[in-house]
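Asks: structure, please.
(one chain, ligands or ions: 2)
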Amino acid sequence: MKPAGEELPTGFVGRSPRIAQIRGLIERIGPGRMPVLIQGESGTGKEVAARSLYNAAPTGAFVPIDCGSMVGPLMESELFGHTRNAFTGAGEAKRGLLELAHGGTAFFDEIGDLAAELQVKLLRVLQEKEFRPVGSLQRMKVDVRIIAATHRNLEREVKAGRFREDLFHRLNVIRVTLPPLRERKEDVPLLIDRFLQASGRRYLLTPELSQALTSYDWPGNIRELKNCLDRMMAFNSGPLLHFADLPTQVINHIRATNEPHLAMAAAAGGGSVLPTAPIVPLHLVERGAIKSALDNLKWDRTEAAIQLGIGRTTLYRKIKEYQLAQD
Ligand SMILES: Nc1ncnc2c1ncn2[C@@H]1O[C@H](COP(=O)(O)OP(=O)(O)OP(=O)(O)O)[C@@H](O)[C@H]1O
Ligand SMILES: [Mg+2]
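Replies: Numbers count the residues shown, from 1 in each chain. Ligands and ions are numbered 1, 2, ... in the order given. From the prediction side, this is the model:
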């Protein structure tokens with residue numbers, strides 16, 4: 001169980017001051033109907049934040065609308081629906097995403113990628129609170145709360161003429177900016193706990209591993225951290241997670257770091273090599289050394305066997321035994 005105040009029911013975890021502030025904002029503005037614009041790098045939790053806003057007082061449905069995928073001749077009918085036989089191949093009448101969101105929340109994900117034609121139409125929906133399904137002569141009233149998210153800098157998109165300024169101002173009523181994970185490292189251990197717990201199994205990390213995970217900058221943010229842990233758990237049947245199973249980009253970063261004992265652990269590719277660190281079973285050290293040799297040598301097994309000072313057959317056996325795999 002997390003201490004109260006570090007998590008929302010949707011799993012919006014974090015204890016850093018910036019996340020605590022955003023959580024407070026979500027709790028305050030969530031129940032309202034004002035438009036919210038969520039900005040943040042890829043993987044920072046924009047969708048989690050949007051769902052948390054909705055969950056603060058859920059009314060109607062939460063309808064995600066993937067703006068980047070709405071392209072081509074059917075995009076308008078996807079958003080607004082269409083009447084029976086509105087166009088060739090239309091068939092029966094179909095309700096659009098906006099109608100499904102009536103009384104609830106429409107989440108325009110990656111709004112910066114919305115096609116220019118739809119930008120105009122969405123603006124009209126925001127201004128007039130009504131729209132016309134494709135093929136229909138009648139306008140429909142619609143009451144939706146709009147939450148939009150983007151990894152782009154929308155001001156810059158407006159300046160570059162790729163995003164309508166009037167639409168931007170309509171959406172930018174309340175702004176939530178999610179910080180990248182590298183600017184709130186204190187949340188990393190909390191997130192790790194959360195992802196390991198969610199697996200339903202018990203896992204342990206060596207101190208070097210926890211430190212390495214915190215020291216890495218996570219350019220792909222929470223999504224990258226989650227993928228990394230999922231991968232490490234998939235490689236392990238036992239409870240102890242290995243340094244050697246870290247993705248190559250993380251190991252390379254640690255190798256380049258100035259923290260000597262992490263760099264040493266990375267060089268050994270496995271458990272701890274420090275006299276002060278907890279004692280690590282020998283097979284974990286061996287596993288790490290083999291994995292690191294193979295990765296360094298682009299999985300040239302013959303060369304790895306020579307450099308490790310073991311026979312090729314032994315190396316093959318150990319690769320199998322330790323379930324090592326190429327990244
Ligand atoms: N504060 C958080 N607490 C716990 N998990 C989180 C948090 N924020 C994000 N996550 C998890 O991180 C992953 C990425 O989150 P999400 O999809 O919301 O990010 P995003 O900003 O929409 O990313 P993208 O730009 O890739 O669409 C998801 O697996 C999500 O569950
Ligand atoms: Mg997203």
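
Asks: work out for me the element the residue nearest to Leu308 when sequence neighbours are not counted sits within.
Replies: Excluding the flanking residues, the one nearest Leu308 by C-beta to C-beta, 6 or more residues apart in numbering is Ala293, at 5.4 Å. To be clear about C-beta, it is placed using only N, CA and C from the backbone, and glycine gets the same treatment. Using DSSP states H and E, Ala293 falls within helix 282-296.

Asks: now that helix: buried residues?
Replies: Residues 284-296 are the ones in helix 282-296 that count as buried (16 or more other C-beta atoms under 10 Å).

Asks: which other helices and strands does it contact?
Replies: With contacts defined as 3 or more C-beta pairs under 8 Å, 6 or more residues apart in numbering; DSSP states H and E, helix 282-296 has these neighbours: helix 248-255, helix 260-268, helix 301-308, helix 312-321.

Asks: okay, angle between that helix and helix 248-255 too, please.
Replies: Taking axes from the mean of the first three to the mean of the last three C-alpha atoms, to 10 degrees, one finds helix 282-296 and helix 248-255 inclined to each other by 100 degrees.

Asks: what's the pLDDT at Pro260?
Replies: For Pro260, the model assigns a pLDDT of 63.

Asks: sorry, back to before: now the buried residues of helix 282-296 as TSV including distance to ligand 1?
Replies: Formatted as TSV, the buried residues of helix 282-296 follow (distance: C-beta to the nearest ligand atom, whole Å):
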residue	distance to ligand 1
Leu284	29
Val285	32
Glu286	34
Arg287	28
Gly288	28
Ala289	33
Ile290	31
Lys291	26
Ser292	29
Ala293	33
Leu294	30
Asp295	26
Asn296	31
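
Asks: residues near the residue in the chain that ligand 1 sits nearest to, how many?
Replies: In the chain, the residue found nearest to ligand 1 is Gly45; the distance is 2.5 Å by C-beta to the nearest ligand atom. Neighbour count for Gly45, taken as other C-beta atoms under 10 Å: 26.

Asks: do the same with Ala101
Replies: 22.

Asks: and this protein, which residues reach ligand 1?
Replies: Residues of the chain found near ligand 1 (C-beta under 6 Å from any ligand atom) are 11-14, 40, 42-48, 151, 191, 194, 222-223, 226.

Asks: where does the protein have low pLDDT?
Replies: Residues of the chain meeting the criterion pLDDT under 70: 1-10, 237, 258-281.

Asks: show me it divided up by domain.
Replies: Using automatic domain parsing, the domain ranges for the chain come out as 17-179, 184-321.

Asks: quick check: end-to-end length of the longest one?
Replies: The stretch domain 17-179 measures 11 Å between its terminal residues, going by C-alpha to C-alpha, to the nearest Å.

Asks: Tyr316: how many residues sit nearby?
Replies: By other C-beta under 10 Å, 12 other residues sit near Tyr316.

Asks: next structured bit after the helix or strand in which Leu37 is found?
Replies: Per DSSP H and E, Leu37 falls inside strand 36-39. Downstream of strand 36-39, the next assigned helix or strand under DSSP H and E is helix 46-55.

Asks: list the buried residues for that following helix?
Replies: Lys46, Val48, Ala49, Ala50, Arg51, Ser52, Leu53, Tyr54, Asn55.

Asks: helices and strands around that helix, which ones?
Replies: Helix 46-55 packs on helix 17-29, strand 36-39, strand 62-66, strand 105-109, strand 145-150, going by 3+ C-beta pairs under 8 Å, 6+ apart.

Asks: in contact with Leu196, which residues?
Replies: Tyr203, Leu229, Met233 (C-beta atoms under 8 Å, 6 or more residues apart in numbering).

Asks: could you export those residues as JSON lines, including neighbour count and secondary structure?
Replies: Below are those laid out as JSON lines (neighbours: other C-beta atoms under 10 Å; DSSP: H, G, I helix; E, B strand; the rest coil):
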{"residue": "Tyr203", "neighbour count": "18", "secondary structure": "coil"}
{"residue": "Leu229", "neighbour count": "21", "secondary structure": "helix"}
{"residue": "Met233", "neighbour count": "16", "secondary structure": "helix"}
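
Asks: adding distance to Thr313, write those residues out as JSON lines.
Replies: Formatted as JSON lines, the contacts of Leu196 follow (distance: C-beta to C-beta, whole Å):
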{"residue": "Tyr203", "distance to Thr313": "32"}
{"residue": "Leu229", "distance to Thr313": "34"}
{"residue": "Met233", "distance to Thr313": "30"}
